[in-house]
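Chemist: I'll drop the sequence and a predicted model, then ask my questions.
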Amino acid sequence: MAKTGKRIKAARGNVDRDRTYSVEEAAKIVKSNASAKFDETIDIAMNLGVDARHADQMVRGVVSLPHGTGKTVRVAVFAKDKKADEAREAGADIVGDADLVEKIQGGFMEFDRVIATPDMMGLVGRLGKVLGPRNLMPNPKVGTVTPNVTQAVKDAKGGAVEFRVSKVGNLIHAGVGKASFTDAQIAENVKAFIDAVQKAKPSGAKGTYIKRIAISSTMGPGVKVDAAAA
């Protein structure tokens, strides 16, 4: 416990809480502060100038990170017949239709992303109360309701990250890499994520859109990023 405390204290000493850093500087600091015995996740948190309770201010999208997330993503696909075969060939971990609905209703949740062909959404809709709160409900806006299951599975496996602003705090939070990545890989992933959120700016947003950005590792302190220069 003492060692952990000393490590956190030392890491905080590397961060000037009163300034913001360029993405490249922040990535370097966050990586250098990641000293846990496991490969820490690099997280980004963004505070937006929107009110997500209003439909015209909802921010949602998907971004394919140039260097992936470093995480093994388990993909579940709702499809049948030929499309089910395509999903399996593309590397989907779980494929099914009514049987998969029953399995999930019974408590099965061993997946990180859910994809569905359009004809399956009548069935998948029954899982709204289970998948919705976990941000796992397939949605055509982020490419998870699609007839092209091959591409959707490959995107999910290759580092596609969905994002959605919370209705409380107006925050977007996501993992954008691992501490084992190089400084440059972390910076490029962070920039790609910020750019995707910028492009997803809703019509109803007023005033400053991106108010605050910070990146951190699982066990490390947050480092503020200069939103204007990102």
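Modeler: Great, that's in hand.
Chemist: the strands in the chain, which residues?
Modeler: Using DSSP state E, the strands found in the chain span residues 41-48, 60-64, 75-78, 94-96, 113-116, 160-164, 171-178, 210-217, 223-225.
Chemist: any chance of the ones you listed in TSV, plus mean neighbour count and mean pLDDT?
Modeler: C-beta: built from backbone N, CA, C; applies to glycine. As requested, the strands of the chain are exported to TSV (neighbours: other Cβ atoms under 10 Å; pLDDT from 0 to 100):
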stretch	mean neighbour count	mean pLDDT
strand 41-48	22	97
strand 60-64	18	91
strand 75-78	27	98
strand 94-96	20	97
strand 113-116	25	97
strand 160-164	21	90
strand 171-178	21	95
strand 210-217	21	96
strand 223-225	23	96
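Chemist: Let's have those in CSV, adding distance to Glu188.
Modeler: Shown next, in CSV, are the strands of the chain (distance: least, Cβ to Cβ, whole Å):
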stretch, distance to Glu188
strand 41-48, 12
strand 60-64, 12
strand 75-78, 24
strand 94-96, 31
strand 113-116, 22
strand 160-164, 14
strand 171-178, 9
strand 210-217, 13
strand 223-225, 14
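Chemist: Of all these, which one is nearest Val23?
Modeler: Set against Val23 and scored by Cβ to Cβ, those come closest in strand 223-225, at 5.8 Å.
Chemist: quick one: the closest one to chain centroid distance?
Modeler: Distance of strand 223-225 from the chain centroid (Cα atoms, centre = their mean, to the nearest Å) equals 18 Å.
Chemist: cool, stretch 176-188 as well?
Modeler: Mean-position distance between stretch 176-188 and its chain equals 15 Å (Cα atoms, centre = their mean).
Chemist: now do stretch 150-160
Modeler: Distance, centroid of stretch 150-160 to centroid of chain: 13 Å (Cα atoms, centre = their mean).
Chemist: Check what contacts it and list those residues.
Modeler: The contact list for stretch 150-160 (Cβ atoms under 8 Å, 6 or more residues apart in numbering) reads 62-69, 73, 75, 77, 86-87, 89-92, 113, 115, 143-144, 146.
Chemist: can you do 6 Å?
Modeler: Contacts to stretch 150-160, defined as Cβ atoms under 6 Å, 6 or more residues apart in numbering, come from residues 62, 64-65, 68-69, 73, 75, 86-87, 90-92, 113, 115, 143, 146.
Chemist: tell me which of these is nearest to Lys199?
Modeler: Val62 (11.2 Å).
Chemist: tell me the contacts of that closest one?
Modeler: Applying Cβ under 6 Å, 6+ apart to Val62 gives the contacts 142-143, 160, 162.
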